[in-house]
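**Student:** Just the structure for this:
(one chain, ligands or ions: 1)
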Amino acid sequence: MAPMQRLALRQARVPPRKAFPSEQRSDPMNDPARRIPITGRTRLYGVIADPIAQVRACEVFNPRFEALGVDAVLVPFHVHPGELPRALDGFRALANLGGVLVTIPHKEAVLDLVDEVGAHAQLIGAANIFRRESDGRLTAENFDGLGFVAGLRAHGHAPEGKRALLVGAGGAAKAIAFALAEARVGELVIANRTAAKAAALAERVRAAYPQVRITAGPIAPSGFHLVINGTSLGLQAGDALPFPLEAVDPGAVVADIIMKPARTALLAAAEARGLSAHYGRHMLDEQVPLMARFLRAFPVEG
Ligand SMILES: NC(=O)c1ccc[n+]([C@@H]2O[C@H](COP(=O)([O-])OP(=O)(O)OC[C@H]3O[C@@H](n4cnc5c(N)ncnc54)[C@H](OP(=O)(O)O)[C@@H]3O)[C@@H](O)[C@H]2O)c1
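**Tutor:** Numbers count the residues shown, from 1 in each chain. The predicted structure is shown next:
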């Protein structure tokens, strides 16, 4: 048999190679749908968390970078709590890093590790973002509460003068309490499973905003214009509702801060009762322009 014939026969017998798993998945860093390819000029942003899989920041920021033609990408970094100091030192060393969003469980710990802390983060005692300055110093700030209030405004629920019940006294609720007071709600009642935490938070917010009526109270949602779930209840299927909906006034707004699922059992039940439901995603969506301005990541109006 001639050599060429032998080769053709051998090739015919070789089954086609199966694609490696990495070839089967779409590679998010080189997604063909991206109009702007990742190159040596691309500016980097990140989000740190532990666990990391539930973060939404990449889905929120990257399409906006694309839409605005900004050559930047935001990627998830899984950082265990014990590694936070080393991770921050690494971020200081990365000259093409613009900044990093910070989420659970790093929001408080990060304050002691950055070089500068903004006014809101200082007041709240936690940060949800830091920016890398050109000399490598890190400046932290917190936009959770401001984003929540901006979300209310964007959906026609301006909080000025309103009676608000905030259920929860954890990290997110703290930020919301300070922001509602800054927005001059008519009255703010803070209620929490661990009542002592609600009392301590009410005292701190009152000290910062003595002109606003702020108290700690029971989880009793009647008589309010705005009732907010600021707890983590609703994250897991089968979670109890954070407050009894039957007691909420007709015409009141029921707000949730849970983003996954987007339509929590609380919001579904509120809508079924004809109440106005305000979704958790608005809090992050409305933080984007605030964070973008802080990071100097892309042009924002105003
Ligand atoms: N939409 C957004 O942009 C945004 C931003 C930040 C956070 N979040 C979400 O907000 C949620 C809370 O985050 P966080 O940082 O505030 O958490 P956190 O600091 O751990 O606080 C959790 C809060 O939920 C309460 N809680 C937990 N389990 C409860 C239960 N079984 N019954 C009654 N109350 C319960 C806690 O009450 P105790 O004090 O009694 O333990 C506390 O008030 C998270 O799910 C997060 O995804 C959303």
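**Student:** What are the boundaries of the helices in this protein?
**Tutor:** All helices of the chain, identified by DSSP state H, fall at 3-13, 21-24, 57-67, 84-93, 119-124, 144-154, 171-182, 195-208, 265-272, 281-285, 287-295.
**Student:** residues contacting A49?
**Tutor:** Residues in contact with A49, defined by Cβ atoms under 8 Å, 6 or more residues apart in numbering, are 55, 76, 78-79, 102-106. Glycine gets a C-beta too; all of them are placed from N, C-alpha and C.
**Student:** Filter those residues to keep only those in contact with the ligand.
**Tutor:** I104 (Cβ under 6 Å from any ligand atom).
**Student:** Show me how to select, in ChimeraX, the buried members of the contacts of A49.
**Tutor:** Here is the ChimeraX command that selects only those of those that count as buried (16 or more other Cβ atoms under 10 Å):
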select :55,76,79,102,103,104,105,106
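**Student:** TSV for the contacts of A49, including pLDDT and distance to L44?
**Tutor:** Conversion of the contacts of A49 to TSV gives the following (pLDDT from 0 to 100; distance: Cβ to Cβ, whole Å):
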residue	pLDDT	distance to L44
V55	90	16
P76	98	12
H78	98	16
V79	98	15
V102	97	15
T103	95	18
I104	91	22
P105	95	23
H106	97	18
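**Student:** In the stretch 51-200 of the chain, what residue comes closest to the ligand?
**Tutor:** Nearest residue of the stretch 51-200 of the chain to the ligand: G170, at 1.8 Å (Cβ to the nearest ligand atom).
**Student:** burial of that residue, as a residue count?
**Tutor:** By other Cβ atoms under 10 Å, 17 other residues sit near G170.
**Student:** try C58
**Tutor:** 17.
**Student:** for E66, same thing?
**Tutor:** Neighbours of E66 using other Cβ under 10 Å come to 17.
**Student:** Chain neighbours aside, what residue packs nearest to it?
**Tutor:** Distance criterion Cβ to Cβ, 6 or more residues apart in numbering; nearest residue to E66, sequence neighbours excluded, is R35 at 6.0 Å.
**Student:** that older thread, show me what contacts the residue of the stretch 51-200 of the chain closest to the ligand?
**Tutor:** Contacts of G170 (Cβ under 8 Å, 6+ apart): 197, 230-232.
**Student:** Swap in 10 Å and give it another go.
**Tutor:** 104, 126, 192-194, 197, 201, 230-232 (Cβ atoms under 10 Å, 6 or more residues apart in numbering).
**Student:** Could you work out the most separated pair of the residues you listed?
**Tutor:** Taking Cβ to Cβ as the measure, the contacts of G170 span a maximum distance of 19.5 Å, between A126 and R193.
**Student:** which of these two has more neighbours?
**Tutor:** A126 (23 against 14).
**Student:** The more buried one contacts D112, doesn't it?
**Tutor:** No - with contacts counted by Cβ atoms under 10 Å, A126 stays clear of D112, the gap being 11.2 Å.
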